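Visitor: return a 3D structure for these sequence lines:
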Amino acid sequence: MELSKVGRYILFACLFVTMFPVVKSLCPSKSAHGQWNEDGDRCILRCESGFEPSGCHVIRYTRGEWNHEIPHCQKEPIVSGRTLAAVGAGAAAVVAAPVVLAGAGFTAAGVAAGSLAAMLRAPFIAAWSWFAMTQIARVIGAPATTMGAVVVVIGAMTYVTSSLLSNCESE
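Guide: Take a look at the predicted model:
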């Protein structure tokens, strides 16, 4: 029994396809309540609504191993640990700010002579400086300026703490 020309092509195509392995995704298999997406040499875990990754959701496979633990989708807590840590850092900044300011020479009675605060304050209170002008106009004043600095410090500490808690790659 001889195969027809079309039959031989079909047989050749079947053999050709079976000789090459199927292209397999580098990413881990499907996660419960989530899906892995391949993005170049990275794998990104996307969780369903109400779920979040248990670790870094962007991972890479290099030199035979993953750069982070393989995460899975877990139920979102009401408040995450990262949020609590960032809020804790912000609260610590609120508590620490008066101590740091007092140590620098800012006191309830004013700026202590010869202190770091006096050295920092000198250029700002010179005649015709913006601070002197606001004091003259009674628009902003020292309390509002000090509070503005405290808010900036608290925001910066919260951001830095949140960033330090994670060594994960961003998308």
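Visitor: can you give me the helices in this structure?
Guide: 5-19, 81-104, 116-125, 130-137, 141-164 (DSSP state H).
Visitor: now do the shortest one, average pLDDT.
Guide: It stands for helix 130-137. The predicted model assigns helix 130-137 a mean pLDDT of 63.
Visitor: kindly report the same for the last one.
Guide: The predicted model gives helix 141-164 an average pLDDT of 58.
Visitor: can you check the second one too?
Guide: Mean pLDDT, helix 81-104: 75.
Visitor: buried ones in that helix, by neighbour count?
Guide: For helix 81-104, burial by neighbour count (16 or more other Cβ atoms under 10 Å) applies to A86, A89, G90, A93, A97, L101, A104. For the C-beta atoms, the positions are set from N, CA and C on the backbone; glycine is no exception.
Visitor: the second one and P98, how far apart?
Guide: In this case it means A89. 16 Å (Cβ to Cβ, to the nearest Å).
Visitor: what does the third one give?
Guide: Taking Cβ to Cβ as the measure, G90 falls 15 Å from P98.
Visitor: over to the last one?
Guide: A104 sits 11 Å away from P98, taking Cβ to Cβ as the criterion.
Visitor: gap between the two ends of stretch 33-49?
Guide: One end of stretch 33-49 sits 9 Å from the other (Cα to Cα, to the nearest Å).
Visitor: what does it contact?
Guide: For stretch 33-49, the external contacting residues (Cβ atoms under 8 Å, 6 or more residues apart in numbering) are 25-31, 51, 53, 57-62, 71-73, 169, 171.
Visitor: can you select the buried ones among those for me in ChimeraX?
Guide: In ChimeraX, a selection of the buried entries from the contacts of stretch 33-49 looks like this (16+ other Cβ under 10 Å):
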select :27,31,51,53,57,58,59,71,72,73
